[in-house]
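**Student:** Here's my sequence, what's the structure:
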Amino acid sequence: MINPKTPPVVLVTRPQQDAGALEAKLRERGFSPLLSPMLKITYLEGARTSLDGVQALIFTSANGVRSFFSRNNAVSLPAYTVGEVTAATARAYGCVQTESAGGDVNQLANLLISRCDPEGGGLLHIAGSNLAGDLGKRLSSAGYKYKREVFYKAEKLRVLDKRCQEVLAGCKMDFALFFSPRTAVQFIDLALSAGFDREFERSVALCLSEAIAEKLNTLPWQQIITASAPTQCALLNALDKVSLQINNGV
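**Tutor:** Numbers count the residues shown, from 1 in each chain. Model (predicted):
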């Protein structure tokens, strides 16, 4: 079991808006979260969104959901999301018809194609200023009227959080969680710029995908672990497992 007197320190690189619920889950599991966002999320102001001719909403992040409902009231349209965390956020804002693609953009495209009619109206994707994947291309090629609207922007932070630097300087970071290639690269750049390198030899990095793992190879981690599925639940399960193994001396 995790020693409650010295709970392992887990770096969380998610934006502030996404870190709160994750922080609570980590504390429940006996970890000590270290919040150091790599991106600053800003919701863009605007008028209420016209949904005329739209048959479904697409959300590829929880911030997409939050930014949409910062302008709009509850809607009756079905919402399709890339992952379960985003789906849960949509349901919390009143989206009754919500389906998740299990954390994979390609699967999200397949889900939309299987559920929606190309002649049934447009697909509105609420997204940020930076977008990964070719969701729009897939859907347009399949005959759908796809439209992407930018409701928030994600800006890179220029320096590591002071507390994060203190923990790294003392080689006291046990684990680090990474949810996207972009934040992984940003963390590595900031860590190296601050003069950190060998401090990671006792730290384990955990990530949602192999694409993220490839970005992390620049630093000398004790171990890099990829979750069994691209979901927060799978990532936390991997964290529990490796922590238990280390605690038992495996």
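**Student:** Regarding this protein, what is its longest strand?
**Tutor:** Taking DSSP state E as the criterion, the chain has its longest strand at strand 146-156.
**Student:** And for it, what's in contact with it?
**Tutor:** If you take CB atoms under 8 Å, 6 or more residues apart in numbering as the criterion, strand 146-156 is touched by 15, 38-44, 46, 49, 63-64, 66-68, 70-71, 122-131, 135-136, 139-140, 186. To be clear about C-beta, it is placed using only N, CA and C from the backbone, and glycine gets the same treatment.
**Student:** and with 6 Å instead?
**Tutor:** Contact with strand 146-156 is made by 39-44, 63, 67-68, 122-130, 136, 139-140, 186, as judged by CB atoms under 6 Å, 6 or more residues apart in numbering.
**Student:** per-residue confidence averaged over that strand?
**Tutor:** Strand 146-156 carries an average pLDDT of 93.
**Student:** picking that back up, out of the contacts of strand 146-156, which are inside strands?
**Tutor:** Per DSSP E, the contacts of strand 146-156 map to strands at Leu39, Lys40, Ile41, Thr42, Tyr43, Gly122, Leu123, Leu124, His125, Ile126, Ala127, Gly128.
**Student:** The residue nearest the centre of the chain - nearest residue in space that isn't next to it in sequence?
**Tutor:** Centroid check for the chain by CA atoms, centre = their mean gives Phe179 as the closest residue, at 4.6 Å. Nearest non-adjacent residue to Phe179, counting by CB to CB, 6 or more residues apart in numbering: Leu208, 5.5 Å away.
**Student:** circling back to that earlier point, just the buried subset of the ones in strands among the contacts of strand 146-156, written out for PyMOL, thanks.
**Tutor:** Only the buried entries of the ones in strands among the contacts of strand 146-156 go into this PyMOL selection, using 16 or more other CB atoms under 10 Å:
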select buried, resi 39+41+43+122+123+124+125+126+127+128
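**Student:** I'd like a version of the ones in strands among the contacts of strand 146-156 in JSON lines, one that adds distance to Gly83 as further columns.
**Tutor:** As requested, the ones in strands among the contacts of strand 146-156 are exported to JSON lines (distance: CB to CB, whole Å):
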{"residue": "Leu39", "distance to Gly83": "17"}
{"residue": "Lys40", "distance to Gly83": "22"}
{"residue": "Ile41", "distance to Gly83": "17"}
{"residue": "Thr42", "distance to Gly83": "22"}
{"residue": "Tyr43", "distance to Gly83": "20"}
{"residue": "Gly122", "distance to Gly83": "23"}
{"residue": "Leu123", "distance to Gly83": "18"}
{"residue": "Leu124", "distance to Gly83": "19"}
{"residue": "His125", "distance to Gly83": "15"}
{"residue": "Ile126", "distance to Gly83": "15"}
{"residue": "Ala127", "distance to Gly83": "14"}
{"residue": "Gly128", "distance to Gly83": "15"}
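**Student:** Looking at the ones in strands among the contacts of strand 146-156, which two lie furthest apart in space?
**Tutor:** The distance between the two most remote of the ones in strands among the contacts of strand 146-156 (CB to CB) is 30.7 Å, for Lys40 and Gly122.
**Student:** What is the lengthiest helix in the chain packed up against?
**Tutor:** Counting by DSSP state H, the longest helix found in the chain is helix 232-247. In terms of contacts (3 or more CB pairs under 6 Å, 6 or more residues apart in numbering; DSSP states H and E), helix 232-247 is packed against strand 204-207.
**Student:** ok, 8 Å please
**Tutor:** Where contact means 3 or more CB pairs under 8 Å, 6 or more residues apart in numbering; DSSP states H and E, helix 232-247 is packed against helix 16-28, helix 84-92, strand 175-178, strand 204-207, strand 223-226.
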